[in-house]
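K.L.:
Fold the stuff below for me.
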Amino acid sequence: MKRDFLHITDFTTEEIWETLELARWIKNKFRSREEYHPFSDRSLAMIFAKPSARTRVSFETGFFRLGGHALFLGPDDIGIGKRESIADIAQVLSRYNDMIMARLFDHAHILELAKHATVPIINGLTDFNHPCQIMADILTVMEHRENLDELKITYVGDGNNIVHSWLALAMRIPFHLTIACPEGYDPDMGMVKTAQDEKLSEIEISHEPFKAVKDADVIYTDVWASMGQKEQADKRRRDFSTFQVSSELIAATGKKTLFMHCLPAERGVEVTDEVCDAEYSIIFDEAENRMFAQNAIMVKLLKESNC
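P.N.:
Residues are numbered from 1 along each chain as shown. Reported below is the predicted structural model:
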């Protein structure tokens, strides 16, 4: 039976740890240029309704480096849910490929794709969540800390798809998650309640960024206006003006703190150049680890799906 990776919670806690360890192992293989080709004679179809740099390059390069072939299908190639039904696309691509990755707007579309596909589906991002990013993020945090004990992550900015995936991770791995956002820009409160009801992690919502970052080991941010929200950019800049990650906000943690951003960053908007380029910024380690986390996820899914 095939397995998909649409949400962090599709994996158990044990499976998340196993996948992260596999990602580390694959990364060491890459670094030492050792031969490892689990995707030999395999193909990955990559559906992009949204443009991307890191997602395309990390999936395409990663799949190639592990012996396979990745095929890019842009918005003009597949009008997902428009030119052809999602069910038909899923079934046709399943006949040609061993796995499908999709980066879409509507989360319902990836759920439908997974429902009708006969090969594993990987969520490369939707407007609701971004599970591959958060797997890369926690891998990066692990590389910069001896362990995740008493870890506090403060997310500063819009309560968006990145936040939803951090909430999902908090249902599998214990840590302290504080989400600081302007009023009216909270994450999905139903998901917040579900994560809090798990009683595994401490989860807080704040509207005061300087209080929210106190004792944070990691400060994380994202763009204030995502794709599809650019017409709101001016209003959002006004509403988020006190939520910029600056050196003053970093200093307000009162301890040594790492800075993370899923990129692309609008420097001078949600974060200053000074923070992006600081010694404590690990944004490029984070970007690099997208490839290794995703490769580990794909190796696991192909192995367990018997595809």
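K.L.:
all contacts plus neighbour counts: C-alpha atoms, from now on.
P.N.:
Fine.
K.L.:
Tell me which residues of the helix or strand of the chain with the lowest mean pLDDT come out buried.
P.N.:
Among the helices and strands of the chain, helix 233-239 carries the lowest confidence by mean pLDDT, DSSP states H and E, at a mean of 92. Burial within helix 233-239, assessed by neighbour count using 16 or more other Cα atoms under 10 Å, is assigned to 236-237, 239.
K.L.:
Strands of the stretch 1-150 of the chain, residue ranges please.
P.N.:
Along the stretch 1-150 of the chain, the stretches classed as strands by DSSP state E, counting those that start in this stretch are 43-48, 69-73, 99-103, 121-125.
K.L.:
what does the average pLDDT come to for the last one?
P.N.:
Mean per-residue pLDDT for strand 121-125: 98.
K.L.:
Show residues contacting that strand.
P.N.:
Residues from elsewhere that reach strand 121-125, judged by Cα atoms under 8 Å, 6 or more residues apart in numbering: 3-7, 55, 99-105, 110, 113-114, 130-132, 298.
K.L.:
just to revisit the earlier point, got JSON lines for the strands of the stretch 1-150 of the chain, with mean neighbour count too?
P.N.:
Rendered in JSON lines, the data for the strands of the stretch 1-150 of the chain read as follows (neighbours: other Cα atoms under 10 Å):
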{"stretch": "strand 43-48", "mean neighbour count": "23"}
{"stretch": "strand 69-73", "mean neighbour count": "17"}
{"stretch": "strand 99-103", "mean neighbour count": "25"}
{"stretch": "strand 121-125", "mean neighbour count": "26"}
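K.L.:
circling back: gap between the least confident helix or strand of the chain and the chain center?
P.N.:
In terms of Cα atoms, centre = their mean, to the nearest Å, the gap separating the centre of helix 233-239 from the centre of its chain is 24 Å.
K.L.:
cool, stretch 63-80 as well?
P.N.:
Shown here is stretch 63-80, whose average C-alpha point lies 19 Å from the average C-alpha point of the whole chain (Cα atoms, centre = their mean).
K.L.:
What is the end-to-end distance of that stretch?
P.N.:
Stretch 63-80 stretches 23 Å from its first residue to its last (Cα to Cα, to the nearest Å).
K.L.:
domains of this protein?
P.N.:
Following automatic domain parsing, one gets these domains for the chain: 8-130+290-305, 133-286.
K.L.:
Geometric centre of this protein: which residue is closest?
P.N.:
For the chain, the residue whose C-alpha lies nearest the mean C-alpha position (Cα atoms, centre = their mean) is residue 133; its distance is 1.9 Å.
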